[in-house]
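Trainee: Show me the folded form of this:
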Amino acid sequence: MPNSPVLVIHSRGDSVIPFWHGQKIFALANEPKHEPVVAAGAALLANIASIEEELIQVKMATSGDALRYPGRLHEQLAYLAMLLEDNSAPTAAQREVATLLHERLVVQLARWQAMLQKDIPALNDLLRVYGVPQLDGAAAP
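Mentor: Presented below is the predicted three-dimensional model:
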């Protein structure tokens, strides 16, 4: 399919496939290359990455990295849940921490919903203009 449109999306943070692979595929793709689509896709990926970085520690590659990098929201909630496993009533401090973590989670969920409702449809509109297959945001949670 030499004339089929190609959409290349690759993260600089990919620890399995080097980023230069995606750059090489893009360089080899047929013209015309649609820079507005590339820029919009990069902006969407940056938004997704910033949400992900709030939820999980993306720098951890080994178990020893837990000592090098601070735990993110997921790890903090997991630790709080572990503290409450004995079914005793939570302390005032634990309730306060739970409230703060919940507020941070609500912010990230709102960012995710805004992306699904605004950013993905906007990118799909742009993809449609260039005749590129669209993203299916309905499959996201």
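Trainee: residue nearest the centroid of this structure?
Mentor: Averaging the C-alpha coordinates of the chain gives a centre point, and the residue nearest to it by C-alpha atoms, centre = their mean is residue 48 (3.2 Å).
Trainee: Can you tell me the SS state at it?
Mentor: Three-state call for residue 48 (DSSP: H, G, I helix; E, B strand; the rest coil): helix.
Trainee: from the chain's centre, how far out does the helix ranked longest in the chain sit?
Mentor: Of all segments of type helix in the chain, defined using DSSP state H, the longest is helix 92-114. Shown here is helix 92-114, whose average C-alpha point lies 18 Å from the average C-alpha point of the whole chain (C-alpha atoms, centre = their mean, to the nearest Å).
Trainee: Same question for it: list its buried residues.
Mentor: For helix 92-114, burial by neighbour count (16 or more other C-beta atoms under 10 Å) applies to 97, 98, 101, 104, 105, 108, 111, 112. Using the backbone N, CA and C atoms, a C-beta is placed for each residue, glycine as well.
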